[in-house]
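>>> here is my input; please provide its structure:
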Amino acid sequence: MELKGRLKLIADLTPKCNIVCDIGTDHAYIPIYLVMNKKCQRALACDVRKGPIGFAEKNIAEYGLSQYISTRIGYGLEPLEDNEVDVVVIAGMGGLLIKEILEKGFGKAKRANALIIQPMNAIELVRRWLCENGFDIFDERLAKEEEDRIYTAMAVKWTGEVKIKDEVYYYIGEKLFENKDPLLPELIKKKIGQMDKIILEMEKMNDKNSKKRLDTIRIRNEISRLFTEYQEKA
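Numbering: from 1, shown residues only. The predicted structure is shown next:
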């Protein structure tokens, strides 16, 4: 099996382990790839719906991995036993949902050796929650797919140390700057463009002096400043 783009990014970030669990597994491509490439010995493929689990089981059987990959139906981390898995993948869903899954499964999330998290949107909510709840984002990388969209994935571990970062780093991950990710300049340009549109729309709606618009302007300008400093150091 070959993975590309977003899925390959998630697989690359996943450390070698005994058991990995993929939450919201869909077609189980990530567990299949990880087992086939010996990044884990066994895997759990979990989803809240029976439909995706059916597709997952079919794919797992086609690759002859039914003895190595099990499926479970349930919400978030609920199908897992305490201390059952080493690494948990939570990917391909909105940031608000990921935050909710982590809140409800906080105890199990804390015990994992690593969480591989890939929000499709609202990533600033996820980064803020992680930092404020004692999780360390120890790696973060970007991937680009054919439709020109850039995806962010992060590797996280609970340390118990609460960190309050400059707000701008909730929008653009600090590790991306540290790692000098080659896609970072493009990501920043896209983010600034999105914020410019939001600012303009709020101005058109006579929302010129609202707190949300002023906050967006402030964060947009801070991202621009960081980008300028980053380019100067490059």
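>>> so Asp139 sits in a strand?
Yes: assessed by DSSP: H, G, I helix; E, B strand; the rest coil, Asp139 belongs to a strand.
>>> burial measure for it, as a count.
When counting by other CB atoms under 10 Å, one arrives at 19 neighbours for Asp139. Using the backbone N, CA and C atoms, a C-beta is placed for each residue, glycine as well.
>>> my read: it touches Thr152, true?
No: using CB atoms under 8 Å, Asp139 is not in contact with Thr152, being 11.4 Å away.
>>> so who does the residue of the chain most remote from its centre touch?
Farthest-out residue of the chain from its mean C-alpha position, per CA atoms, centre = their mean: Asn206, at 34.9 Å. If you count contacts by CB atoms under 8 Å, 6 or more residues apart in numbering, Asn206 has none.
>>> torsion angles phi and psi at it?
Asn206 adopts backbone torsions of phi 60, psi 40, taken as degrees, to the nearest 10.
>>> measure it to Met154 for me?
Taking CB to CB, to the nearest Å as the measure, Asn206 falls 38 Å from Met154.
>>> same deal with Asn121?
Asn121 is 15 Å from Met154, where distance means CB to CB.
>>> what sits up against the strand or helix carrying Thr216?
Thr216 belongs to helix 211-233 when assigned by DSSP states H and E. Helix 211-233 is contacted from outside by 166-168, 171-172, 177, 184-185, 188, 191-192, 195-196, 198-199, 202-203, 207, using CB under 8 Å, 6+ apart.
>>> residues near the closest residue to Ala114 other than its chain neighbours, how many?
Spatial nearest neighbour of Ala114, excluding adjacent residues (CB to CB, 6 or more residues apart in numbering): Val87 at 4.9 Å. By other CB under 10 Å, 25 other residues sit near Val87.
>>> looking at it, Val87 is touching Lys39, isn't it?
No: using CB under 8 Å, Val87 is not in contact with Lys39; the gap is 9.0 Å.
>>> what is in contact with these two at once?
Both Val87 and Lys39 are in contact with 14-15, 17, 20, where contact means CB under 8 Å, 6+ apart.
>>> tell me the contacts of the closest residue to Gly160 other than its chain neighbours?
Leaving aside its chain neighbours, Gly160 sits nearest to Gly134 (4.5 Å; criterion: CB to CB, 6+ apart). Gly134 makes contact with 110, 158-162, according to CB under 8 Å, 6+ apart.
>>> just the buried residues of the residues you listed.
Neighbour-count burial (16 or more other CB atoms under 10 Å) applied to the contacts of Gly134 gives 110, 158.
>>> buried set for the strand or helix carrying Lys191?
Secondary structure assignment for Lys191, by DSSP H and E: helix 184-204. Across helix 184-204, burial judged by 16+ other CB under 10 Å covers 184, 187-188, 191-192, 195, 199, 202.
>>> quick check: phi and psi on the residue minimising distance to the centre of the chain?
For the chain, the residue nearest the mean C-alpha position is Gln118 (1.7 Å; CA atoms, centre = their mean). Dihedral pair for Gln118: phi -140, psi 90, per degrees, to the nearest 10.
>>> how is the protein divided into domains?
As assigned by automatic domain parsing, the chain contains the domains 5-175, 184-233.
>>> where in this structure is pLDDT low?
Applying pLDDT under 70 to the chain flags no residue at all.
>>> which residues in it form helices?
Secondary structure of the chain, counting by DSSP state H: helices at 5-13, 29-36, 50-62, 95-104, 106-111, 123-132, 168-171, 174-178, 184-204, 211-233.
>>> pick the most buried one from those.
Stretch with highest mean neighbour count among the helices of the chain: helix 29-36 (a mean of 22; mean count of other CB atoms under 10 Å).
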